[in-house]
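>>> take a look and give me a structure for this.
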Amino acid sequence: MSATSFDFSRLLAKGVPEPAARFTGFPKFNFIGGHNDPVQIPVEGLSEAARSVLKREGSKLAMYNLAQGPQGYAALRDFVVDKVTKLRGITATRDDVLITSGSGQGIQLVNRLLLEPGDTVILEEFSYSGSISQARAMGANVIGAPLDSDGLVIDSLARILEDLKGKGKRPKYIYTIPTVQNPTGSILPLDRRHALIALAKKYGVPIFEDECYADLIWGEPAPPALYALAPEQVIHIGSFSKNLAPALRLGYAIAAWPVLSRMVACKADGGTGALDQMITAEYFSQHFGAHLGKLNATLHAKQTTLAEAMAREFGTAAEPWHPKGGIFQWFKLPDSVDVRKVLKPAADAGISFNAGPEWSCDPEAAKSHFRLCFALLSPQEIKDGVAALARVFYEQTGVPQRSANVENVRGRAS
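Numbers count the residues shown, from 1 in each chain. Below you'll find the model as predicted:
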C-alpha cells in the first residue's frame, strides 16, 4: 500500500494550519528568529556542567520530573529566584516558580487559564508575533495599545480602558514586554510602570509581563519588574532561550500560588526536559554573571554594526528604533513601501527578514516596518547582508535611492 494512498486531508480538523515547508537550511543572510550568537554558546562549560550534574544526580532521570514535582527541577527554580531577586527586584521563593518549555509555553498556559472565545485582550501595538497569534487562535479580540520610544503610552492605554469600560467590557489581561520590548527594544521607565499598575488596579485588569529579553541589556539597569511592584496583579514569565541557548527549551513563570497552581494543573506535558534543566542550573549557578557580561558586550557590538550598516545602505529611508538591549532592531520605511512584497525576492537572494505585519496587532498599519535579528550573523555577514537587502529593496520598491553614498539605478545593483 502506497504511503500516499490514504487521504487524510478530508479528516483534518477546522483551523489546522497550512502544511509546513520542509526545512532546507538557513539562508545565507538570516535576519529572522530569536537565534543567538553561536560563538557565545559556552560549549565547554555546558559539557563540564553536564558531566558534573549527571554524575551527582543522573539516577533521578528514572523518575518523571526528577521526582521533584511538576514545577520543575528545584536547583533551577532556586537559580531563577536568585536571578530575579538580584536583577529584577522580585521577592519570591522556589514555590512561586514554574519551569516551562520555553516562554512560549508560559504564554500558552496563561491563555489556557484566562481566555475564552470573544474575550478582549490588550497588547502593545507592535508585539511578539506568537502572543498575537495565540490570543487570536483562542478567539480573543486583540487591541493594540500605542508605543513610543519608551514603551507603552500610558495616556493612550487609559483611553482604551475607559472606552472598553463604556462598552461594558473588561480585558482579560494587558500583555506587555516592558523590559527590552520585542520588536522595538524599548525599556519602560519607572514612572510609567507605576502608572500602568495604577491603571490596571483602577480597571481591575491583570498584567501579563513577558521579560524574555530582560537579561540582555547594555547601559543603565532596567527598573524593577512589574511583578516586583505589584505581585498580586501580575503574571511574570521569562526565558533561558536568549541568555543561554534557544535550543534549550527552557522558560519560567512566576505568579501568586492561586494563579500558579492553576497553571501547573494546565501543564499536562509530563514535565519540561530534565537534562536541559539540570545542565542549565549547574552551569548558571556558577557562571551566569561572567557569561552574561560577554554575551551582552557581543550583542551590543553587533547592534552597532547593524545600525551603521543600515545607515550606510538605507540612509534616511529607514527610520530606526533604537534598542536598549536584546537581539533585534525595528525599522520603518516610507509609507508607500509594503515590505511583504519583498519577502520572496529577498528569499530568492538568500536573505530572510521579518515583515512588520507579523509583529503588529494591526498588520496593515505596519506594512512599511521590518525587524532584523543581529545576533546570529558575524559582523561582516551583517554588513554584507544589509547591503544585499538594500539592493533587493531598491529593485522591488525604488527604496533606498542611495546606498553607500552611491545613487541607485533601477535594475542595476548599487
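>>> all contacts plus neighbour counts: C-alpha atoms, from now on.
Fine.
>>> so who does the residue nearest to Lys341 when sequence neighbours are not counted touch?
Leaving out its chain neighbours, the residue that sits closest to Lys341 by Cα to Cα, 6 or more residues apart in numbering is Gln396, at 7.8 Å. By Cα atoms under 8 Å, 6 or more residues apart in numbering, the residues touching Gln396 are 341-342, 345.
>>> next: Gly325.
With Cα under 8 Å, 6+ apart, Gly325 has these contacts: 180, 185-186, 213, 216-218, 300.
>>> now it: closest residue in space, sequence neighbours ignored.
Closest residue to Gly325 apart from its sequence neighbours, by Cα to Cα, 6+ apart: Ile217 at 4.2 Å.
>>> how many neighbours does the one you found have?
Residues near Ile217, counting by other Cα atoms under 10 Å, number 25.
>>> the one 10 residues further on too?
Residues lying near Tyr227 (other Cα under 10 Å) number 24.
>>> which residues in the stretch 101-250 of the chain form helices?
Counting by DSSP state H, counting those that start in this stretch, the segments of the stretch 101-250 of the chain that form helices are 102-114, 129-137, 154-166, 190-203, 226-229.
>>> which of the ones you listed is buried the deepest?
helix 226-229 (a mean of 22; mean count of other Cα atoms under 10 Å).
>>> thought Asp335 was touching Ser368?
Yes. Between Asp335 and Ser368 there is a contact at 5.7 Å, judged by Cα atoms under 8 Å.
>>> that older thread, what about the contacts of Gln396, which are in helices?
Pro345 (DSSP state H).
>>> who wins for most neighbours among the contacts of Gln396?
In terms of neighbours by other Cα under 10 Å, those top out with Val342 at 21 neighbours.
>>> OK, contacts around that residue?
Neighbouring residues of Val342 by Cα under 8 Å, 6+ apart: 392-393, 396.
>>> turn those into JSON lines, including secondary structure.
Formatted as JSON lines, those follow (DSSP: H, G, I helix; E, B strand; the rest coil):
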{"residue": "Val392", "secondary structure": "helix"}
{"residue": "Phe393", "secondary structure": "helix"}
{"residue": "Gln396", "secondary structure": "helix"}
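>>> output those residues as a markdown table; include the columns pLDDT and distance to Glu313.
Shown next, in a markdown table, are the contacts of Val342 (pLDDT from 0 to 100; distance: Cα to Cα, whole Å):
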| residue | pLDDT | distance to Glu313 |
| --- | --- | --- |
| Val392 | 97 | 12 |
| Phe393 | 97 | 11 |
| Gln396 | 96 | 15 |
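>>> of the residues you listed, which is the nearest to Ala318?
Proximity of the contacts of Val342 to Ala318 (Cα to Cα) peaks at Phe393, which lies at 11.2 Å.
>>> measure how buried the spatially closest residue to that closest one that is not a sequence neighbour is and give me the count.
Distance criterion Cα to Cα, 6+ apart; nearest residue to Phe393, sequence neighbours excluded, is Val399 at 6.0 Å. Neighbour count for Val399, taken as other Cα under 10 Å: 23.
>>> wait, isn't Ile187 in contact with Leu226?
No. Counting by Cα under 8 Å, Ile187 does not reach Leu226; the two are 12.0 Å apart.
>>> Asp269 in helix, strand or coil?
Look at Asp269: counting by three-state DSSP, its state is coil.
>>> do the same with the one 3 residues further on
When states are read from three-state DSSP, the local structure at Thr272 comes out as coil.
>>> how much space between Arg10 and Val16?
Between Arg10 and Val16 the computed distance is 12 Å (Cα to Cα, to the nearest Å).
>>> circling back: figure out which of the helices of the stretch 101-250 of the chain is closest to Thr85.
It is, among those and with distance given as Cα to Cα, helix 226-229, at 8.9 Å.
>>> quick check: mean pLDDT of the closest one?
Taken as a whole, helix 226-229 has a mean pLDDT of 98.
>>> go on, stretch 254-272?
For stretch 254-272, mean pLDDT is 96.
>>> then stretch 25-39?
93.
>>> secondary structure element for Ala297?
Here Ala297 sits within helix 274-314, counting by DSSP states H and E.
>>> related to what we said a few turns ago, need the contacts of Gln396 in JSON lines with pLDDT, can you?
Formatted as JSON lines, the contacts of Gln396 follow (pLDDT from 0 to 100):
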{"residue": "Lys341", "pLDDT": "97"}
{"residue": "Val342", "pLDDT": "98"}
{"residue": "Pro345", "pLDDT": "98"}
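>>> care to break the chain down by domain?
Listed domain ranges for the chain are 23-41+290-407, 62-287 (source: automatic domain parsing).
>>> where does the prediction get shaky in this protein?
Along the chain, the parts satisfying pLDDT under 70 run over 1-4, 402-414.
>>> quick one: Pro323 and Gly185 touch, right?
Yes. Counting by Cα under 8 Å, Gly185 is a contact partner of Pro323 at 3.9 Å.
>>> picking that back up, compare the helices of the stretch 101-250 of the chain and give me the one nearest Ile122.
So among these, helix 154-166 is nearest, using Cα to Cα, at 8.8 Å.
>>> the closest one: how far from the chain's middle?
Once both centres are worked out by Cα atoms, centre = their mean, to the nearest Å, helix 154-166 turns out to sit 26 Å from its chain's centre.
>>> ditto for stretch 385-395
26 Å.
>>> C-alpha coordinates for stretch 387-406, CSV please?
Taking C-alpha atoms only, stretch 387-406 is exported to CSV below (Å, rounded to 0.1, in the frame of the first residue of the first chain):
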residue,chain,number,x,y,z
ALA,A,387,23.9,45.7,1.5
ALA,A,388,22.3,42.8,-0.3
LEU,A,389,18.9,43.6,1.4
ALA,A,390,19.2,47.2,0.3
ARG,A,391,19.7,46.1,-3.3
VAL,A,392,16.6,43.8,-3.2
PHE,A,393,14.5,46.6,-1.7
TYR,A,394,15.6,49.0,-4.3
GLU,A,395,14.9,46.6,-7.2
GLN,A,396,11.4,45.9,-5.8
THR,A,397,10.3,49.3,-4.4
GLY,A,398,12.7,52.0,-5.5
VAL,A,399,13.8,52.5,-1.9
PRO,A,400,16.5,53.4,-0.9
GLN,A,401,17.5,55.7,-3.7
ARG,A,402,21.1,55.8,-2.5
SER,A,403,23.3,53.0,-0.9
ALA,A,404,26.8,53.5,0.4
ASN,A,405,26.6,57.1,-0.9
VAL,A,406,26.0,55.9,-4.5
